[in-house]
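Engineer: Please work out how this folds:
(one chain, ligands or ions: 1)
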Amino acid sequence: MTFYDPNNDVTRGERALVVVPERVGEGARRSTEARLDEAEGLARAIGLDVIAKRAFRLRQIRPATLLGKGQVEEIAEAARENEAGLLIVDAQLTPVQQKSLEEEVKAKVIDRTSLILEIFGERAATAEGRLQVELAHLDYQAGRLVRTWTHLERQRGGFGFLGGPGETQIEADRRLIRDRMARIRRELEQVKRTRALHRGRRQRAPWPVIALVGYTNAGKSTLFNYLTGDGVLAEDMLFATLDPTMRNVRIPGFDKAILSDTVGFVSDLPTELIAAFRATLEEVASADVLIHVRDMAHPDRDAQAEDVEDVLKSLGIDEGEGPQRLEAWNKIDLLKDDERQALLAEADRRENVVPISAITGWGVDHLRERVAQVLQRGTEIHRIRLNPAEGSRLAWLHSRGEVIEQRMDGDQLELSVRLSPDNWARFQATESA
Ligand SMILES: Nc1nc2c(ncn2[C@@H]2O[C@H](COP(=O)(O)OP(=O)(O)OP(=O)(O)O)[C@@H](O)[C@H]2O)c(=O)[nH]1
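Structural biologist: Numbering: from 1, shown residues only. Prediction:
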């Protein structure tokens, strides 16, 4: 058996058909058009050449292929005519359905989970990301193994190269997968320890961390690039070595702040992937501010926002707890005048909403200001007098707070420092010690 190889499952440039099965009675939350566009977008994200896409209504589920007999014949015909070697079915297929569809359509078939795994595989930039994708993929394979191949079980000859005499093929395969997963988990532990160390270092620094989350295609990367475009290059390099998705960002009133981009969320994110990416998404949980970037020009914007909330909840980040939240209502430039006016008025009424256009930069300065306000919430400026000889206390203030002013007054140092209530209490405790 072969193990996951990001370039093995699909080939860039491959001609693909996209099929969206819709259950009757379903689909109220998402429009067919939007589902087709999203599936096509995901396929294009890994360089596939989508030559046709179509939705099919499922009146009755045919267990063997999910889609009806006539529908499968139509798809087979389309694949033949268009010389498509790949069929993407935007649903979760059982291994049996996948196999039967492959036989009937005479093309390789991948479902939504494998498509998302492919994308994550391609985008995983860090060692940790790659390991996590491989783990999720093996998990997916292991599930399929149990369900498809049980009926194919056969006795292995008694030579015992791979297993003891009598070990069945499926047991041997399962053991191989299990061993490989165990090895990856050990490697991951190591990588995580290193990362936690980096994070610890960052947390000791007084720089706030801002994380972007949002549905796929909402405009996170565009906003990320816009916000960090004016960053100082030399310092960018530092974070490039820590984590490629971390950059310095300028927030008024702060010496430094770190912006972290995360993977885009999609609906029906496979649970094994959420589990596998939990560690990467820890960055989100430990951020000071979460900016939820929303595509306000998308017909399904509300359903998308709910999906993002669901993923955050599954990570244990509930609204009202954890990082403070802002919503960036993006792509305002794409809206018609009346809709734009209505949205701007609504945003005005809501405390945590900032309308923007990440592509033109409209509203982004306002967003920076709101981030600054959120970060400063609860902090206060304190006037502090210190003996200049108290070097370690001075250093502590510089590391935990924002020193706004510092000057000599006689033989004493006088400072204005912005501190959180916690840090102010800590500082006062060192005074009486
Ligand atoms: N008109 C308009 N287009 C935008 C805006 N922001 C982003 N886009 C476009 O929307 C598309 C998606 O933007 P990205 O920044 O790649 O979205 P993302 O959220 O990072 O997407 P994923 O990586 O899939 O999670 C791109 O074609 C952008 O050019 C905007 O404010 N206005």
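Engineer: Residue ranges in the protein under the pLDDT threshold?
Structural biologist: 1-9, 25-29, 123-126, 145-167, 195-207, 230-246, 255, 261-283, 320-321, 432-433 (pLDDT under 70).
Engineer: tell me the domain boundaries of it?
Structural biologist: Following automatic domain parsing, the chain resolves into domains at 15-120, 124-198, 206-376, 380-432.
Engineer: Near residue 30, how many other residues are there?
Structural biologist: Neighbour count for residue 30, taken as other Cβ atoms under 10 Å: 18. Heads up, the C-betas are built off the backbone N, CA and C, glycines and all.
Engineer: State the helix or strand in which it lies.
Structural biologist: Using DSSP states H and E, residue 30 maps to neither a helix nor a strand.
Engineer: and the closest residue to it other than its chain neighbours, how many residues sit next to it?
Structural biologist: Excluding the flanking residues, the one nearest residue 30 by Cβ to Cβ, 6 or more residues apart in numbering is residue 300, at 5.1 Å. Residues lying near residue 300 (other Cβ under 10 Å) number 20.
Engineer: Wait, residue 300 touches residue 33, no?
Structural biologist: No - in terms of Cβ atoms under 8 Å, residue 300 does not count as a neighbour of residue 33; the distance is 9.5 Å.
Engineer: Please list the residues of the stretch 201-350 of the chain that sit near the ligand.
Structural biologist: 214, 216-222, 264, 330-331, 333-334 (Cβ under 6 Å from any ligand atom).
Engineer: Tell me the one among those residues nearest to residue 397.
Structural biologist: Distance to residue 397, by Cβ to Cβ, is smallest for residue 220 among these, at 34.9 Å.
Engineer: What about that closest one, how many residues nearby?
Structural biologist: 26.
Engineer: I'd guessed it sits against residue 294; true?
Structural biologist: No - if you go by Cβ under 8 Å, residue 220 and residue 294 don't touch, sitting 10.2 Å apart.
Engineer: residues shared between the contacts of the two?
Structural biologist: Shared contacts of residue 220 and residue 294 (Cβ atoms under 8 Å, 6 or more residues apart in numbering): residue 214.
Engineer: hmm, back to that, tell me the buried residues within the residues of the stretch 201-350 of the chain next to the ligand.
Structural biologist: 214, 216, 217, 218, 219, 220, 221, 222, 264, 330, 331 (16 or more other Cβ atoms under 10 Å).
Engineer: In contact with the fifth one, which residues?
Structural biologist: Which is residue 219. With contact set as Cβ under 8 Å, 6+ apart, residue 219 has these partners: 293, 295, 330, 331, 358, 359.
Engineer: Show me the strands in the stretch 1-150 of the chain, by range?
Structural biologist: Secondary structure of the stretch 1-150 of the chain (DSSP state E, counting those that start in this stretch): strands located at 15-23, 49-58, 86-89, 108-111.
Engineer: Identify each buried residue in the longest one, please.
Structural biologist: If I follow you right, that is strand 49-58. Buried residues in strand 49-58, counting neighbours by 16+ other Cβ under 10 Å, are found at 50, 52, 53, 55, 56, 58.
Engineer: can you put the contacts of residue 219 in CSV and add secondary structure?
Structural biologist: Listed next are the contacts of residue 219 as CSV, based on DSSP: H, G, I helix; E, B strand; the rest coil:
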residue, secondary structure
293, strand
295, strand
330, strand
331, coil
358, coil
359, coil
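Engineer: Looking at the residues you listed, which one is closest to residue 130?
Structural biologist: residue 293 (25.4 Å).
Engineer: Can you give me the distance of that closest one to residue 370?
Structural biologist: 13 Å (Cβ to Cβ, to the nearest Å).
Engineer: cool, and residue 408?
Structural biologist: In this view, residue 408 and residue 370 are 36 Å apart by Cβ to Cβ.
Engineer: The two: which is more packed in?
Structural biologist: Remark: of residue 408 and residue 370, residue 370 carries more neighbours, 20 against 9, as counted by other Cβ under 10 Å.
Engineer: my guess is the more buried one is in a helix, correct?
Structural biologist: Yes - according to three-state DSSP, residue 370 belongs to a helix.
Engineer: do you know how far residue 296 is from residue 252?
Structural biologist: Separation of residue 296 from residue 252 (Cβ to Cβ) stands at 25 Å.
Engineer: would you turn the buried residues of strand 49-58 into a markdown table with distance to the ligand?
Structural biologist: Listed next are the buried residues of strand 49-58 as a markdown table, based on distance: Cβ to the nearest ligand atom, whole Å:
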| residue | distance to the ligand |
| --- | --- |
| 50 | 16 |
| 52 | 22 |
| 53 | 18 |
| 55 | 22 |
| 56 | 25 |
| 58 | 28 |
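Engineer: For those residues, give me a markdown table that also has distance to residue 338.
Structural biologist: A markdown table is the format used below for the buried residues of strand 49-58 (distance: Cβ to Cβ, whole Å):
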| residue | distance to residue 338 |
| --- | --- |
| 50 | 34 |
| 52 | 35 |
| 53 | 31 |
| 55 | 30 |
| 56 | 36 |
| 58 | 38 |
